[in-house]
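S.K.: What follows is a predicted structure for the sequence shown.
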Amino acid sequence: MKGDQDVSIADGERPIEEGVRTDFRSRMTYSGYLDLDKLLDAQHPVSEPVHPDELLFIIQHQTTELWFKLVLHELQAMRSYLQHEDVSRARKGIARVKHIFRTLAEQWSVLATLTPSEYSEFRGFLGSASGFQSYQYRCVEFILGNKNAGMLRVFESDPAHHAGLQELLDAPTVYDAFLHFLSARDHDVPAQILHRDVRKAWVEQPELIPVFQRIYEDPDAHWAEYAMCEDLVDLEDAFQLWRFRHLRTVQRTIGYKQGTGGSSGVGFLKRALDLTFFPELYSVRTEIGK
Ligand code: HEM
Ligand SMILES: N[C@@H](CC(=O)c1ccccc1NC=O)C(=O)O
């Protein structure tokens, strides 16, 4: 095979090939393209003296926020694909977001190596900062349907984030777009659901269950819609895993202490597990095969 001839490693060193570029005075570079100087200069521990485990805590958060950035980007694109009835692209987007959440759910095991004793040694330096104030997380919750206008208060001292969240509060969710898509495909989605006040949190709509039942009872006749329904359930499942692993990590790290954000801590996070983005997609399962 060309490019793979008789170059065995004799001395344990991989030979650097002739063609490998080394002069970057007028070329795009790895760190330039990725702006690594900025990225790798953004970890600023606040503990004094600096606690060796604070870097783990910071990087776990920052990598999560980077992935949240992509999740939000993909969910916004997905909502638009649904509005244009582009099923293939919407499905591809959901798959990507699902894998990101699975990766993030796995990532909790890294932070779980932080023991309660180690965390207690620098927790006090974090003051009132808390993940509860994560703008991107709240954006993701809003676009998926867990709207809560009260959350905007947390961002009152940050006009750009307040405006960004207000915009998402006022806009349709991914599920709203999906229901419009179903309606465009001649499914009988009630008009009052299609014209609901999108600023409100989603509450289960029993009239939607027969709509989904029709899809689930004859998948071949409605394959695209059926596959999309299952994709949404996959997505919610992955998101819930993230929430659950956060809760378990919190429980093993701070027990039943109050959170730095002022909530009760574990009890508050547990109640989030009862929230579901697409309740009818679960309720329909009770009806199948009856
Ligand atoms: C040892 C590590 C952690 C502990 C002890 C912890 C603790 C908590 C607690 C107690 C809350 C409730 C709000 C409060 O009163 O503070 C919370 C919320 C939150 N945390 Fe963490 N957390 C940890 C790591 C993380 C990480 C790595 C992220 C990733 C970005 C994160 C994101 C969030 C988010 C988004 C919320 C809001 C959840 C909601 O509104 O349901 N946390 N955390
Ligand atoms: N709420 C956490 C503190 C915490 O985890 C945190 C602190 C600063 C920045 C992000 C955080 N992450 C998640 O809540 C606690 O109560 O210990």
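M.R.: Alright, I've got the coordinates. Ligands and ions are numbered 1, 2, ... in the order given.

S.K.: For Pro15, see how far away the closest residue to ligand 2 within the chain is.
M.R.: When scored by C-beta to the nearest ligand atom, the chain has Gly131 as its residue closest to ligand 2, at 2.7 Å. Any C-beta I mention is one placed from the backbone N, CA and C, and that applies to glycine too. As defined by C-beta to C-beta, to the nearest Å, Gly131 lies at a distance of 48 Å from Pro15.

S.K.: Looking at the two, which one has more neighbours?
M.R.: A direct count of neighbours by other C-beta atoms under 10 Å for Gly131 and Pro15 places Gly131 higher, at 15 against 11.

S.K.: Neighbours of the closest residue to that one other than its chain neighbours, how many?
M.R.: With C-beta to C-beta, 6 or more residues apart in numbering as the criterion, Gly131 has its nearest non-adjacent residue at 6.9 Å, and that residue is Tyr137. For Tyr137, the count of nearby residues is 17 (other C-beta under 10 Å).

S.K.: tell me the phi and psi of Tyr137?
M.R.: Backbone torsions of Tyr137, given as degrees, to the nearest 10, read phi -60, psi -40.

S.K.: Close to ligand 1: what parts of the stretch 1-150 of the chain are there?
M.R.: Neighbours of ligand 1 within the stretch 1-150 of the chain, by C-beta under 6 Å from any ligand atom: 60-61, 64, 111, 114, 119, 130-132, 134, 137.

S.K.: Among those residues, which one sits closest to ligand 1?
M.R.: Distances from ligand 1 to those, taken by C-beta to the nearest ligand atom, are shortest for Gly131, at 2.1 Å.

S.K.: so the closest one touches Thr260, yeah?
M.R.: No - using C-beta atoms under 8 Å as the test, Gly131 is too far from Thr260 to be in contact (9.1 Å).

S.K.: any idea how far Phe101 is from Leu72?
M.R.: Distance from Leu72 to Phe101, by C-beta to C-beta: 12 Å.

S.K.: got any ranges where the protein has weak pLDDT?
M.R.: Applying pLDDT under 70 to the chain flags residues 1-7.

S.K.: Tell me where it has helices.
M.R.: 30-34, 36-39, 54-83, 87-111, 116-123, 135-144, 159-170, 174-184, 191-194, 209-217, 223-254, 266-272, 279-287 (DSSP state H).

S.K.: So which bits of the stretch 1-150 of the chain are right by ligand 2?
M.R.: Counting by C-beta under 6 Å from any ligand atom, the residues of the stretch 1-150 of the chain near ligand 2 are 61, 123, 126, 129-131.

S.K.: and if we set it to 5 Å?
M.R.: With C-beta under 5 Å from any ligand atom as the criterion, the stretch 1-150 of the chain meets ligand 2 at residues 126, 129-131.
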